[in-house]
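>>> kindly generate the corresponding structure for this input.
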Amino acid sequence: MRADAPAAWLSVAEARSAILADVRPLPAERRALLHALGHVLAEELRAPLDLPTCDNSAMDGFAVRGADVRGASAERPVRLPVVGEVRAGALPERAVGAGEAVRITTGSPLPEGADCVVRIEHTAPDGADAVLVLRDDDAGHNVRRRGEDVRAGDLVLPVGTVLGAGPLAVAASLGRAQLSVVRRPVVGVLASGDELVEVDGFAEVAAGRRIVSSNSYALAAQLAEIGCEARLLGIAHDTPQSLRTHLEAAAGCDALVTAAGMALGEHDLMRAVLGELGLELGFWRVRMRPGSPFGYGRVAALGGIPWFGLPGNPVSAMVTFEVLARPALLRLAGHAAVFRPTLRVRLLDDYRAAPGLTHFARARLSRGPDGEPRAALTGPQGSGVLTSMAHADALLVIPPERAGAAAGERLTALRLTAGLQAEAEYDAAADLAADA
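Down below sits the predicted model:
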């Protein structure tokens, strides 16, 4: 589609589907285990051996035969001679015979003949070479069996696994010092507008002449939150030459995100200049608010990388990034799960919306006295009210067929962050019940 094509006016679902259908994960690279955190696994990890590699003790205590300690109690303890010891990192030197015990530490291989471990707190010493077993709770227990974690040949971590602490620990346990992972996307970020300055030019803001390019900082942060590397391309003036120079600086990036220049004013030149750089426009305009002047395509002169054209109003830029660009960039980074979790909530305020557009209202989540999730608007909802995003932990979705929503109605919320709670606010039982 030509860069100057008329507005497509896609629905949010259509726009998102079109973008996701066009995006594939980046190539893989090898990374050292400690530098793979947050990346997406690009290879299957199969177990080369059983883990544990042998039966071993789950407790510090005494390896025994369960039949020898059944019936033991504080009133009638069972006395067993201690005939050896297995320390961590060592192998057993002898088997455990009937009526015998071997001292053992957690993780040590279980001696032949033993089938359980009596934990040390259930015993008492009886001289230098014997132990009294005071309870029989441990008969048949406290042994980690060979292969109970994984068996040789098992698929342990599939392609697409996000490498957090748990998967990295598993990879280490399988002896993997390096992993094949999807490369992190490098994303060019360009803001445009003669009215913009960097934050160090705030004196001009105070004088009433300019505004800070908050989009540059917001988008860089949104990219960092999903593991992308933001390459800030500066602020372009509203001239074809300035825009072209700044856009060409995105050479070598894996994607390009621009903010502003997407509407129909005489200074909205973004699509025209990108057209000179070989933009193949996927679509322009989405039936959403805030953020309808959104565009997507690929830029030939930049290697055919995907381009996300965001509106210039700061809330519109952040919301369209969240709803339309974020899932695609996660896909680019290799993620299979790319959507925010949703929650049905009770609205606490009235919200007016023009029908025909999907509205995304900024809201703060809480729980009512009955434990039901609820949402309050974060104040005025204009696309220039940046604090409405700063105070939000969710976007409320008002479908296009609705002319707003009234207090008390239930809506779907996109959770922007799980957040943290003070101890006094945390009710584990209620939290678990709500998530069940």
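
>>> make it CA atoms for all contacts and neighbour counts henceforth
Fine.

>>> could you pull up phi and psi at residue 81?
The phi and psi values for residue 81, taken as degrees, to the nearest 10, are phi -70, psi 140.

>>> same deal with residue 355?
phi -60, psi 160.

>>> please apply the same query to residue 14.
The phi/psi pair for residue 14 (degrees, to the nearest 10) is phi -70, psi -40.

>>> neighbours of residue 224, how many?
The tally of other residues near residue 224 (other CA atoms under 10 Å) stands at 12.

>>> distance between the ends of stretch 37-54?
30 Å (CA to CA, to the nearest Å).

>>> buried residues, it. List them.
37-43, 45-47, 50-54 (16 or more other CA atoms under 10 Å).

>>> show me those that map onto helices.
Judged by DSSP state H, helices contain none of the buried residues of stretch 37-54.

>>> which phi and psi does the nearest residue to residue 301 once chain neighbours are set aside have?
Leaving aside its chain neighbours, residue 301 sits nearest to residue 277 (5.2 Å; criterion: CA to CA, 6 or more residues apart in numbering). Backbone torsions for residue 277, taken as degrees, to the nearest 10, come to phi -100, psi 10.

>>> quick one: residues contacting residue 277.
299-302 (CA atoms under 8 Å, 6 or more residues apart in numbering).

>>> can you tell me what sits against stretch 174-181?
With contact meaning CA under 8 Å, 6+ apart, stretch 174-181 is reached by 28-33, 36, 39-43, 47-48, 171.

>>> likewise for stretch 69-78?
68, 132-136, 139.

>>> list the buried residues in stretch 188-197.
188-193, 196-197.

>>> give me the distance from it to the chain's centre.
For stretch 188-197, the distance from its own C-alpha centre to the chain's C-alpha centre is 29 Å (CA atoms, centre = their mean, to the nearest Å).

>>> and stretch 236-245, by the same measure?
Chain-centre distance of stretch 236-245: 36 Å, with CA atoms, centre = their mean.

>>> so how far is the first residue of it from its last?
8 Å.

>>> what sits up against it?
190-194, 246, 267-270, 273-274.

>>> sorry, back to before: out of the contacts of stretch 174-181, the closest to residue 392 would be?
Closest approach between the contacts of stretch 174-181 and residue 392, by CA to CA: residue 39, at 27.3 Å.

>>> any idea how far residue 306 is from the closest one?
20 Å.

>>> ok, residue 388 next?
Residue 388 is 29 Å from residue 306, by CA to CA.

>>> residue 97 and residue 76, how far apart?
22 Å.

>>> if you could redo that for residue 207, that was the one I meant.
For residue 207 relative to residue 76 (CA to CA), the value is 89 Å.

>>> what residue lies at the spatial centre of this protein?
residue 226 (6.9 Å; CA atoms, centre = their mean).

>>> residue contacts, that residue?
Residue 226 touches 326, 330, counting by CA under 8 Å, 6+ apart.

>>> ditto for residue 2
Contacts of residue 2 (CA under 8 Å, 6+ apart): 275, 279-281.

>>> roughly how far apart are it and residue 264?
16 Å.

>>> quick one: secondary structure of the most far-flung residue of the chain relative to its centre?
When distances are taken from the C-alpha mean of the chain, residue 127 lies farthest, 56.1 Å away, according to CA atoms, centre = their mean. The three-state label given to residue 127 by DSSP: H, G, I helix; E, B strand; the rest coil is coil.

>>> tell me the phi and psi of it?
The phi/psi pair for residue 127 (degrees, to the nearest 10) is phi 80, psi -170.

>>> would you mark the buried spots in stretch 124-138?
For stretch 124-138, by 16+ other CA under 10 Å, it's 130-138.

>>> quick revisit: who has more neighbours, residue 207 and residue 76?
Set residue 207 next to residue 76 and count neighbours by other CA under 10 Å: residue 76 wins out with 12 against 9.

>>> any buried residues in stretch 328-340, and which?
Buried-residue list, stretch 328-340, by 16+ other CA under 10 Å: 328-336, 340.

>>> pLDDT, distance to residue 257 and secondary structure for those - can I get that in TSV?
Converted to TSV, the buried residues of stretch 328-340 look like this (pLDDT from 0 to 100; distance: CA to CA, whole Å; DSSP: H, G, I helix; E, B strand; the rest coil):
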residue	pLDDT	distance to residue 257	secondary structure
328	98	12	helix
329	98	10	helix
330	97	14	helix
331	97	15	helix
332	97	14	helix
333	97	15	coil
334	96	19	coil
335	96	19	coil
336	92	22	coil
340	94	20	coil
